[in-house]
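*Asks:* sequence first, then the predicted structure:
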Amino acid sequence: MADTWVTDITHFLDDNGEMIVEPLQARKLAEYFAAIVMLASHPDVDNPLGYQVLCRRKPNRKPCKESIACWIDPESDDIFWICPKCQDRGTISNWRDTLWDMSDLEEIFH
Ligand SMILES: [Zn+2]
């Protein structure tokens, strides 16, 4: 079974609640997780933002690039995400009230 990424999104924030800039590798990861947070927290589930998050794994050095599936786990309130192809998966906690929390948009859509 593939490893599960357990991510606390606040580890990627600086004191002002903004995304860290360096080290570069952490920044790249932060952008990846932030995109997942936006997608999963967006209230319009059909096609949230018109974009997808592509898997960043490279099994056998070949980029997977499958579209990541993600949703909010109703029990833990963490975001759960998984790559349907290579099974890379993880959870993201403490995402509420970050810059990428889209759940406030609910009023607009409903
Ligand atoms: Zn994948």
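*Replies:* Alright, I've got the coordinates.

*Asks:* and residue 96, what does it touch?
*Replies:* Residues counted as contacts of residue 96 (CB atoms under 8 Å, 6 or more residues apart in numbering) are 41, 77, 103. In this view, the C-beta of every residue, glycine as well, is placed from N, C-alpha and C.

*Asks:* for residue 37, see how far away it is.
*Replies:* Taking CB to CB, to the nearest Å as the measure, residue 96 falls 9 Å from residue 37.

*Asks:* coming back round to it: in JSON lines, list the contacts of residue 96 along with neighbour count and distance to the ion.
*Replies:* Output for those, formatted as JSON lines (neighbours: other CB atoms under 10 Å; distance: CB to the ion, whole Å):
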{"residue": "41", "neighbour count": "23", "distance to the ion": "21"}
{"residue": "77", "neighbour count": "11", "distance to the ion": "25"}
{"residue": "103", "neighbour count": "14", "distance to the ion": "26"}
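
*Asks:* list the buried ones in stretch 76-85?
*Replies:* The neighbour-count criterion (16 or more other CB atoms under 10 Å) identifies 78, 79, 80, 81, 82, 83 as the buried residues of stretch 76-85.

*Asks:* what is the neighbour count of the nearest residue to the fifth one once chain neighbours are set aside?
*Replies:* Of all residues beyond its chain neighbours, the one nearest residue 82 is residue 89 (4.1 Å), with distances taken as CB to CB, 6 or more residues apart in numbering. Applying other CB atoms under 10 Å, we find 18 other residues in the vicinity of residue 89.
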